[in-house]
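Visitor: Here's a sequence, model it:
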Amino acid sequence: MSAPSSASSAPAENSATDHDFLAPDAGQKPPGPTPSQSRFQVDLVAEAAGAADDKTPSSDASAAAPDAPSSNPAVSGEEAKGRFRVVNFADPTGVGSVDSPEAAPTEGMQNGDTVMSETSLHSSTGGQHHYHYDTHTNTYYLRTFGHNTIDAVPNIDFYRQTAAPLGEKLTRPTLSELHDELDKEPFEDGFANGDELTPAEEAAAKEAAESKGVVKFGWIKGVLVRCMLNIWGVMLFIRMSWIVGQSGIALSCVIVAMATVVTTITGLSTSAIATNGFVRGGGAYYLISRSLGPEFGGSIGLIFAFANAVAVAMYVVGFAETVVELLIGMDAVMTDEVNDIRIIGTITIIILLGISVAGMEWEAKAQIFLLVVLVTAIFNYFIGSFIPMKSKEAKGFLGYDASIMWENMGPDFRGETFFSVFAIFFPAATGILAGANISGDLADPQMAIPKGTLLAILITGIVYLGVAISTGGSCILRDASGNVNDTISSHLMANCSTAACKFGYDFSTCKNEDTCRYGLHRDFQVMSLVSGFGPIITAGIFSATLSSALASLVSAPKVFQALCKDNIYPGLQMFAKGYGKNNEPLRGYILTFGIGLAFILIAELNTIAPIISNFFLASYALINFSVFHASLANSPGWRPSFKYYNMWVSLAGAILCCGVMFVINWAAALLTNVIVMALYIYVSHKKPDVNWGSSTQALTYHQALTHTLHLSGVEDHIKNFRPQCLVMTGYPNSRPALLDLVHSFTKNVGMMICGHIRTVSRCHLARYQRWLLKNETKAFYTPVFAEDLKQGCQYLLQAAGLGRLKPNTLVLGFKNDWRDGDMMNVETYISMIHDAFDFQFGAVILRLKEGLDVSHIQGQGTKHMQSNKKSPTVPLNVSDQRLLEASQQFQKKQGKGTVDVWWLFDDGGLTLLIPYLLTNKKRWKECKIRVFIGGKINRIDHDRRAMATLLSKFRIDFSDITVLGDINTKPKKEHMAAFEEMIEPYRLKEDDMEQEAAERLKNSEPWRITDNELELYRAKTHRQIRLNELLKEHSSTANLIVISLPLARKGAVSSALYMAWLEALSKDLPPILLVRGNHQSVLTFYS
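Guide: Okay, the predicted model is just below:
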């Protein structure tokens, strides 16, 4: 093999003739690369005649041609697609500039890696690495370390995914392009490390890359505002006081703290996932699917999107109910209460849809306005709590007082428990994913999601605690009548035991009667009572409901769009389409609007509300579990820039989320788990064609590696023996019958390695392994590059497998055409069998009378990977048609037939084990095992009983045992004559020539049969011919024959004679499997 640099020793003009990719003319546009050329073009440009005298050392490279790269800077880089060309050119005009101090004399040659130019290619910014785009040749000029080279320096654009939205992906030089000979075809096998996107992702990325003027949000407007608005719901204004009344200040703080702990852990987990790489749109679905894989992501994504859609209806109904209460107070009811809720809810959701469809910018402005209203309402409440009024005292608002605080410190559950109150409060703490759900609209999701989410949890948690302590705890009584006459005389106040009594009120009757309408237990509008200006609290309730509804109305379509783009569920692809500069999911908006409107018209959300909360909690649980799972897998790709997380804390968070689900509503929790599992099973069964580098993949590898290492420390045992086959298939689809039969007895039992010895060029490993997986063949494809088949087989026998997962049986196809080609090929073929026995392997040979190799029919010998289940479209001759039909016979159910086992020699039991494993499979289930053994005429019954006893001890079912007493009978004369005729061309006939000439011929043609060996092994030859007669007599109708493979002593029996034995034994028979174990027991009758 010549070195790549050999071209450099030749003159430029000779190089140009040797390599068609060297262009000798500076003014001529080089032709485009042909498929056989490297995509790295090297142009050698000769110095123009007559310009040498004018050449200056400082001439600038950009003046080399009239169409220099800098002359048209507007040309898009899309044309080049990341391809590079190194150009060595001189200045033909003699007009140079003085910009380059690093001039070098022209070299009239190149060395395949570095091309030294007369002038360095760089811009006026100095000696940095630059790309200059050539508008004529669609290339990049590369400057590295002061000279031109196709070896690239580190660059972020090499690590982008295809059509990445943040910039164009460039393709670094492959190892083959840098290392191989210049005239060699580059080896390309697609993406090695899962860099490629799904077609849907690539389309989305291109859309994102082409978008101009896209609205992107920072961490405040995009995450903080949305999360706070979603967390601060109606619960803050109309349920917080009731929660404090039931559980008291202490337990209320515990409830808030518990909810905050769950959301904080989830926030930390979300931050970790969001900072472990670039985050696209899709929120919770994107985070979970890219971490745990499409199975979990697809199941949770669908229910999360649905939960957000129904949540729109919940929040809108909450708003409508508040409006209807106001209408009732003003005696302005339109029809009746339920229909008024439907009317107002419908109008509201239409308005919200209009805001959403108008674009994310309008929606963000609406959210800012609603946040201002909400914060104003909260401040209004706290300010009002410091302004006690006499008119409000009868309703329980007495101002801050230690006695009220102490009285309200403990719980006072009335028909509730701690966990039932917690279940009512917890939905108020959800909404932490509101910012993450629009991850595709964030300018920097990796920074915005952690900062905005965690700060929102902190602020809202403090406000909830503040409201719990101040509202219920310190200034409002649990019970009040609202009647100013419920007072007590001053002389009784000295003996007061209640806080109300100290202020001169007697509300003791309220605790046992339902007539009282005020106090923490009775009045849901306590915050309006306490606030400085009541209508602002009403505006806050409106703001809380509308902002949450708006956030859900935006989140659901965004998540659903991301789900549909990945094509996890067929039939939903139509919702993946986006419109406008922001790729808005208008179809998703309409779908969300329809779902929301349907639930608004139902107007009965008490049943569905717990399920929605459980859907959200299931998402939180999986996000926490994702972090634990990724940390457990210990993948090098798990490198979050957010460091404040812990895998065990995340696991605790996942368990807490699951616990809270059952606390809120155990029936809804069960339903949620059933739905998630059903969707998970569906997606797992569908097996979407995606590769996201999930932690599931990483953990699978980690577990496989751990178990393989553990297995290496376990000694082999007969009971655990499994046939682990190295099958010499070549291309996996070249010999389908061989592949199918071996797969039948190794599937879910043993290991199968498809060995492929390449002597010409390297092979596409990933392509053929994918073909095996696509055809549901449980096997590994292992190609080796060797000088010949013998060497390659030795490589595979020694190196294939890993630890204990190594093959122990070599499986070959019978060489049907052994008499037609070079007999050295037969020598190599037989040596492969000898090598297998030398390495203590078993050997199995499959013969079909029609042959095995179908590559010449279907083109599997080329790079085309067609399914062997599809018939070729070109017309076939009769022999090829029979060959194709025979190659597919093991793919079909075998029906009622027999597998005939001719167990002539004890090889450890492999000859018997393979048929047993085969008949356990579905396709072979109806076939019966018939056993044939050799014996003596006078002991046939004894031998049959002995074999029956052995088989019963092995627990192997059989239908019949036949003892052959006439194996050693001399075969028919015509068959012996046919054998003699077959071996005649391969005999050495040393008796007819001088000894020295005979030795020379034997050395040059070692396969030749000597007269001596023919005479020595005449009895064995007769046995093979006789066995063929018996096989035709007893097993001509069998579905498969399994027979002991005859052995030939290495160095004593020539390859031609051994091949003739195999030919004589197996010709003109049904499919026959010649088996010989390594004479180590593979069957035992001990427990």
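Visitor: Would you mind confirming that residue 434 is in contact with residue 226?
Guide: Yes. If you go by C-beta atoms under 8 Å, residue 434 and residue 226 touch, sitting 4.1 Å apart. Glycine gets a C-beta too; all of them are placed from N, C-alpha and C.
Visitor: Tell me the secondary structure at the most centrally placed residue in the chain.
Guide: Among the residues of the chain, the one closest to the centroid is residue 691, at 3.3 Å (C-alpha atoms, centre = their mean). Secondary structure, DSSP: H, G, I helix; E, B strand; the rest coil: residue 691 is coil.
Visitor: Phi first, then psi, for it.
Guide: Backbone geometry at residue 691, expressed as degrees, to the nearest 10, gives phi -140, psi 100.
Visitor: State the pLDDT value of it.
Guide: At residue 691, the pLDDT value in this model is 77.
Visitor: how much space between residue 750 and residue 779?
Guide: Going from residue 750 to residue 779 by C-beta to C-beta, to the nearest Å gives 11 Å.
Visitor: More neighbours: which of those two?
Guide: Of the pair residue 750 and residue 779, residue 779 is the one with more neighbours under other C-beta atoms under 10 Å, namely 22 against 19.
Visitor: coming back round to it: who touches both of residue 434 and residue 226?
Guide: Common neighbours of residue 434 and residue 226, using C-beta atoms under 8 Å, 6 or more residues apart in numbering, are residue 551.
Visitor: got the contact list for residue 222?
Guide: 216, 364, 435, 438, 441, 442, 443, 448, 452.
Visitor: By neighbours, which of those residues wins?
Guide: Neighbour-wise, those (other C-beta under 10 Å) top out at residue 435, 34 neighbours.
Visitor: Apart from its neighbours in sequence, what residue is nearest it?
Guide: In space, and not counting its chain neighbours, residue 435 is closest to residue 223: 3.0 Å by C-beta to C-beta, 6 or more residues apart in numbering.
Visitor: Just say helix, strand or coil for that neighbour.
Guide: With three-state DSSP as the basis, residue 223 sits in helix.
Visitor: wait, it sits on residue 452?
Guide: Yes. Using C-beta under 8 Å, residue 223 is in contact with residue 452, at 2.6 Å.
Visitor: so what sits against both of the two?
Guide: Shared contacts of residue 223 and residue 452, defined by C-beta under 8 Å, 6+ apart, comprise residue 435.
Visitor: Not counting sequence-adjacent ones, nearest residue to residue 285?
Guide: Spatially, and ignoring its direct neighbours in sequence, residue 285 is nearest to residue 301 (3.3 Å; C-beta to C-beta, 6+ apart).
Visitor: element containing that neighbour, please.
Guide: Assigned by DSSP states H and E, residue 301 belongs to helix 294-329.
Visitor: which is the next helix or strand following that helix?
Guide: Sequence order places helix 337-357 as the next helix or strand after helix 294-329, per DSSP H and E.
Visitor: Name the residues that touch that following helix?
Guide: 312-313, 316-317, 319-321, 323-324, 327-328, 333-335, 362-363, 366, 546, 549-550, 553-554, 557, 584, 586, 589, 593, 596-597, 600-601, 603.
Visitor: Narrow the residues you listed to those that are buried.
Guide: Buried subset of the contacts of helix 337-357 (neighbour count, 16 or more other C-beta atoms under 10 Å): 312-313, 316-317, 319-321, 323-324, 363, 366, 546, 549-550, 553-554, 557, 584, 586, 589, 593, 596-597, 600, 603.
Visitor: any idea how far residue 1050 is from residue 833?
Guide: Counting by C-beta to C-beta, the gap from residue 1050 to residue 833 is 10 Å.
Visitor: Then residue 319?
Guide: Plainly put, residue 319 is 82 Å away from residue 833 if you go by C-beta to C-beta.
Visitor: same deal with residue 370?
Guide: On the measure of C-beta to C-beta, residue 370 and residue 833 end up 81 Å apart.
Visitor: same question, residue 664
Guide: Going from residue 664 to residue 833 by C-beta to C-beta gives 69 Å.
Visitor: Any regions of the stretch 1-150 of the chain where pLDDT drops low?
Guide: Within the stretch 1-150 of the chain, the stretches with pLDDT under 70 are 1-149.
Visitor: returning to what we had before: pLDDT at the residue nearest to residue 435, what is it?
Guide: According to the prediction, residue 223 has pLDDT 89.
Visitor: and it, how far is that from residue 277?
Guide: 18 Å.
Visitor: try residue 810
Guide: Using C-beta to C-beta, one gets 45 Å for the distance from residue 810 to residue 277.
Visitor: Which of those two has more residues huddled nearby?
Guide: Remark: of residue 810 and residue 277, residue 810 carries more neighbours, 24 against 15, as counted by other C-beta under 10 Å.
Visitor: how about that one, secondary structure?
Guide: strand.
Visitor: give me the low-pLDDT residue ranges for the stretch 901-1050 of the chain?
Guide: Scanning the stretch 901-1050 of the chain for pLDDT under 70 picks out no residues.
Visitor: in it, which spans are strands?
Guide: Secondary structure of the stretch 901-1050 of the chain, counting by DSSP state E, counting those that start in this stretch: strands at 928-934, 960-964, 1040-1044.
Visitor: So which elements touch the last one?
Guide: Packed against strand 1040-1044 by the contact rule (3 or more C-beta pairs under 8 Å, 6 or more residues apart in numbering; DSSP states H and E) you find strand 898-902, helix 910-919, helix 1018-1034, strand 1072-1076.
Visitor: And the longest one, by the same measure?
Guide: Under the contact definition 3+ C-beta pairs under 8 Å, 6+ apart, strand 928-934 sits against strand 898-902, helix 910-919, helix 940-953, strand 960-964.
Visitor: Which of these sits closest to residue 375?
Guide: helix 910-919 (72.6 Å; C-beta to C-beta).
Visitor: The closest one versus strand 928-934: what angle between them?
Guide: Put simply, helix 910-919 runs at 170 degrees to strand 928-934, going by axes from the mean of the first three to the mean of the last three C-alpha atoms, to 10 degrees.
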